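Participant: Please find the sequence and the predicted model below.
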Amino acid sequence: MLQSSRPTCRIIRPGQTYDGKQGLSYFEGISAEAVGSTGICMHLLTIPPGGRARAHLHESHETAIYVLSGEAHTWYGDRLEHHAIVRAGEMFYIPAGVPHLPANLSDQPCSAVIARTDPKEQESVVLLPELDGLVPE
């Protein structure tokens, strides 16, 4: 009996986490590694109170974020000169190549669904340590 090498639908039940280069812990979701996706990844992220990522960009991939609960502050731009607060029920778009640094300044966790056009998720992450000090801790 021949087995098909054709992709099939999969259910992912987030349980395991992995540490991203950005300094945050993600719930494993849709990715090339988990399901063999070829054009997208989607993960759950919870930033704990006081948590923040390292300054970074995604070299060739766009990011879409939907905040489920809480709020996240994100500084973005070449020198992180812009600031946005994204609250539960809102979406945030980050174009490819835009430096950014998200943080949770509240005393409540912030949970979000994150989708990227990078199926390998961490492949296009470029850390920008020279920008980390531009945002107060």
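Facilitator: The structure has been received and is ready for your questions.
Participant: for this protein, which spans come out with low pLDDT?
Facilitator: Across the chain, residues meeting the criterion (pLDDT under 70) sit at 1-4, 121-122.
Participant: where along the chain do the strands fall?
Facilitator: In the chain, strands defined by DSSP state E lie at 17-19, 25-30, 41-47, 56-58, 63-69, 71-76, 82-87, 91-94, 100-103, 110-116, 125-127, listed in chain order.
Participant: Does the fourth one pack against any helices or strands, and if so which?
Facilitator: Looking back up the chat, that one is strand 56-58. Using 3 or more Cβ pairs under 8 Å, 6 or more residues apart in numbering; DSSP states H and E as the contact criterion, the elements in contact with strand 56-58 are strand 100-103, strand 125-127. Every residue, glycine included, has its C-beta placed from N, CA and C.
Participant: again, only this time at 6 Å
Facilitator: Contacts defined by 3 or more Cβ pairs under 6 Å, 6 or more residues apart in numbering; DSSP states H and E place strand 56-58 against strand 125-127.
Participant: List the pairing partners of the strand it packs on within its sheet, with orientation.
Facilitator: Strand 125-127 has the following strand partners under DSSP bridges: strand 56-58 (antiparallel).
Participant: will you turn the strands of the chain into TSV that also has distance to residue 5 and mean neighbour count?
Facilitator: Compiled in TSV, those are given as follows (distance: least, Cβ to Cβ, whole Å; neighbours: other Cβ atoms under 10 Å):
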stretch	distance to residue 5	mean neighbour count
strand 17-19	27	13
strand 25-30	19	18
strand 41-47	21	21
strand 56-58	30	23
strand 63-69	30	17
strand 71-76	40	20
strand 82-87	40	13
strand 91-94	34	15
strand 100-103	38	22
strand 110-116	26	21
strand 125-127	30	15
